[in-house]
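# Dropping the sequence and predicted coords here.
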Amino acid sequence: MPPTLEAHRRADASPFVDLDRAEWSALHERIPLPLTAAELERLRGLGDVIDLQEVQDVYLPLSRLLNLYVTATGALRGALNDFLDSNEYTHTQPGTPFVIGVAGSVAVGKSTTARLLQAMLARWPEHPRVELVTTDGFLLPNDELRRRGLMSRKGFPESYDRRALTRFVADVKSGKEEVTAPVYSHLVYDIVPDERLTVHRPDILIVEGLNVLQPALPGQDGRTRVAVADFFDFSIYVDARTDEIEKWYLERFRKLRETAFQDPESYFRRYAEVPEAEALDYARHLWRTINRPNLVENVAPTRGRADLVLRKGPDHKVQRVSLRKL
Ligand SMILES: Nc1ncnc2c1ncn2[C@@H]1O[C@H](COP(=O)(O)OP(=O)(O)O)[C@@H](O)[C@H]1O
Ligand SMILES: CC(C)(COP(=O)(O)O)[C@@H](O)C(=O)NCCC(=O)O
C-alpha cells in the first residue's frame with residue numbers, strides 16, 4: 001500500500017488526528033495574531049525559560065484552538081437557551097466558566113504550559129478573564145499524610161482530598177459567584193494554613209495537576225462517583241519520554257538548590273548545603289521512588305482520556321500534537 005494511504009488508514013483507526021510539528025505549526029499562519037511582538041516578548045517575563053519560536057509555533061495555534069472551543073461552547077449555550085426558553089416551565093441559564101484541565105508528570109512542564117496558556121488566552125477579546133488553579137492546594141496537609149503513612153506518596157491519587165477538588169470545580173461549573181481553594185507552598189512543602197485562593201467566575205478556568213484526568217474511584221459503598229475531569233470542557237495532557245522528564249526533574253532540582261532552597265524556610269534547605277552530587281542523588285531517589293512510579297501507575301494511563309496531547313522531545317520542544325476528533 002502506498003505510504004500516504006497507509007497513513008490515512010492508520011488515522012481512520014484512531015479517535016485522534018495526529019499532527020507532526022511542521023503540520024501543527026503551519027496552522028499559526030492563518031491565525032489572526034492577538035499578540036504584538038512586544039507582548040510575546042513580555043510573556044517571557046513570567047519567569048519561564050520558554051523559546052519565542054516555540055510560543056509562536058506551538059502555543060499560538062493551541063490558544064486559537066481553545067478560543068474556537070470557547071466561542072463554539074458559547075454558541076451551543078445559545079442553542080440550549082433557545083430550547084429552554086421555548087415554553088413557560090423552563091428558563092434560560094447564564095454561562096459558566098469554560099474549564100480546561102492540564103495533566104502530565106511532575107516536571108514535564110504542566111505549570112509552564114498552564115501559565116503560558118493563561119497569559120495567551122487572556123489576550124483574546126472574547127475571554128479576557130482567565131484564572132489558574134493548581135491541584136497541589138488539594139493535597140492533604142503533611143500532618144494528615146504522616147498520620148495515614150502517605151508522606152512518601154505525595155502526588156499519588158490517595159494523597160489528595162479528591163472530594164474537595166471535585167466539589168471546587170463542580171461549584172465553578174455551577175456558575176457560583178465566588179469559589180475558594182486551599183493553597184500549597186512548594187517552599188515549605190505543605191498546605192498553607194488559613195490561606196485561600198478565590199476564583200470569581202472567570203471566562204476560563206485552567207485546572208493544572210498530575211491527576212486531573214483520573215477517573216473517580218468507587219466510594220466505600222461501591223458506587224461510582226463523579227471526578228474532577230467530568231467538569232472539564234477541554235483537557236490537555238503534556239507528554240514526553242520518562243528518561244527525558246527525569247532529566248528535567250533533576251535539572252529543576254539543581255536550579256532550585258541555587259535559588260529557592262537557600263531560603264531558611266525551605267523544606268529542602270539541607271540540599272542547598274550538601275555537595276551538588278549528594279543533592280542530586282537525593283533528587284534521583286525522590287524521582288525513582290515517588291514521581292516515576294506515580295507517572296507509570298497513575299498519570300500516564302490517563303493520557304488517552306485527554307482531548308489534546310502535546311508530545312515533547314528534547315529541550316521541551318513539542319514534536320507531535322494529537323487532537324481528539326469530533
Ligand atoms: N516549554 C518549555 N521550555 C523550556 N523549559 C521548560 C518548558 N516547560 C517547562 N520547562 C522547564 O522544565 C521544568 C519543569 O517544568 P514545570 O512547568 O515546573 O513542570 P511541572 O509543573 O509539570 O512539574 C522547569 O524547570 C521549567 O522551567
Ligand atoms: C506537589 C506535587 C505532588 C505536584 O502536585 P500537583 O500540582 O500536580 O497537584 C509534586 O510537585 C511533589 O512535590 N511531589 C513529591 C515528590 C517530590 O518532592 O518531587
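Received it, and whenever you're ready, just let me know what you need. Ligands and ions are numbered 1, 2, ... in the order given.
# Please make it C-alpha for all contacts and neighbour counts, starting now.
OK.
# host element of the residue of the stretch 151-300 of the chain found nearest ligand 1?
When scored by Cα to the nearest ligand atom, the stretch 151-300 of the chain has Arg252 as its residue closest to ligand 1, at 4.3 Å. Assigned by DSSP states H and E, Arg252 belongs to helix 242-258.
# elements contacting that helix?
helix 270-273, helix 276-286 (3 or more Cα pairs under 8 Å, 6 or more residues apart in numbering; DSSP states H and E).
# Tell me which residue is most central in the chain.
Geometric centre of the chain, nearest residue: Val102, 1.9 Å, by Cα atoms, centre = their mean.
# Checking that one next. Helix, strand or coil?
When classified by DSSP: H, G, I helix; E, B strand; the rest coil, Val102 comes out as strand.
# pretty sure it contacts Gln214?
No. Val102 is beyond contact range of Gln214, at 11.8 Å (criterion: Cα atoms under 8 Å).
# Next, count neighbours for the residue of the stretch 151-300 of the chain closest to ligand 1.
Other residues near Arg252 come to 13 when the count uses other Cα atoms under 10 Å.
# contacting residues around it?
By Cα atoms under 8 Å, 6 or more residues apart in numbering, the residues touching Arg252 are Ala107.
# wait, Arg254 sits on Glu278?
No. Counting by Cα under 8 Å, Arg254 stays clear of Glu278, with 10.9 Å between them.
# For those two, indicate the residue with more neighbours.
Arg254 (19 against 12).
# Can you give me the separation between that one and ligand 2?
13 Å (Cα to the nearest ligand atom, to the nearest Å).
# neighbours of Leu145, just the number please.
Per other Cα under 10 Å, the neighbour tally for Leu145 reads 18.
# Then Leu250?
Neighbour count for Leu250, taken as other Cα under 10 Å: 20.
# Mind pulling the model confidence for it?
Note for Leu250: predicted pLDDT of 97.
# Could you list which residues are in contact with it?
Contacts of Leu250 (Cα under 8 Å, 6+ apart): Leu280, Ala283, Arg284.
# Closest one of the residues you listed to ligand 2?
Of the contacts of Leu250, the one sitting nearest to ligand 2 (Cα to the nearest ligand atom) turns out to be Ala283, at 7.4 Å.
# Contacts only, for the closest residue to Phe253 other than its chain neighbours.
Closest residue to Phe253 apart from its sequence neighbours, by Cα to Cα, 6 or more residues apart in numbering: Ala283 at 6.7 Å. Ala283 makes contacts with Tyr249, Leu250, Phe253, as judged by Cα under 8 Å, 6+ apart.
# And the pLDDT at Ala283?
The model's pLDDT for Ala283 equals 98.
# and if you look at the one 4 residues further on?
Per-residue confidence (pLDDT) for Trp287: 98.
# any idea how far it is from Val179?
Note on Trp287: its distance to Val179, by Cα to Cα, to the nearest Å, is 34 Å.
# Neighbour count: these two, which is higher?
Trp287 (21 against 18).
# Surely that one touches Ile245?
No. In this structure, Trp287 is not within contact of Ile245 by Cα under 8 Å, at 9.7 Å.
# Glu178 - nearest residue in space that isn't next to it in sequence?
His200 (4.7 Å).
# Equivalent analysis for Phe261, please.
The shortest distance from Phe261 to any non-neighbouring residue, by Cα to Cα, 6+ apart, is to Arg269 (4.9 Å).
# So what's the residue count around Glu29?
With other Cα under 10 Å as criterion, Glu29 counts 12.
# how about the CA coordinates for stretch 314-326, as CSV?
Extracted in CSV, the C-alpha atoms of stretch 314-326 (Å, rounded to 0.1, in the frame of the first residue of the first chain):
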residue,chain,number,x,y,z
PRO,A,314,14.5,17.0,24.0
ASP,A,315,14.7,20.6,25.3
HIS,A,316,10.9,20.7,25.8
LYS,A,317,10.3,21.2,22.0
VAL,A,318,6.9,19.9,21.1
GLN,A,319,7.3,17.3,18.3
ARG,A,320,3.7,16.0,17.9
VAL,A,321,0.2,17.1,18.7
SER,A,322,-2.7,14.6,18.8
LEU,A,323,-6.2,16.1,18.8
ARG,A,324,-9.4,14.2,19.5
LYS,A,325,-11.7,14.0,16.6
LEU,A,326,-15.2,15.5,16.9
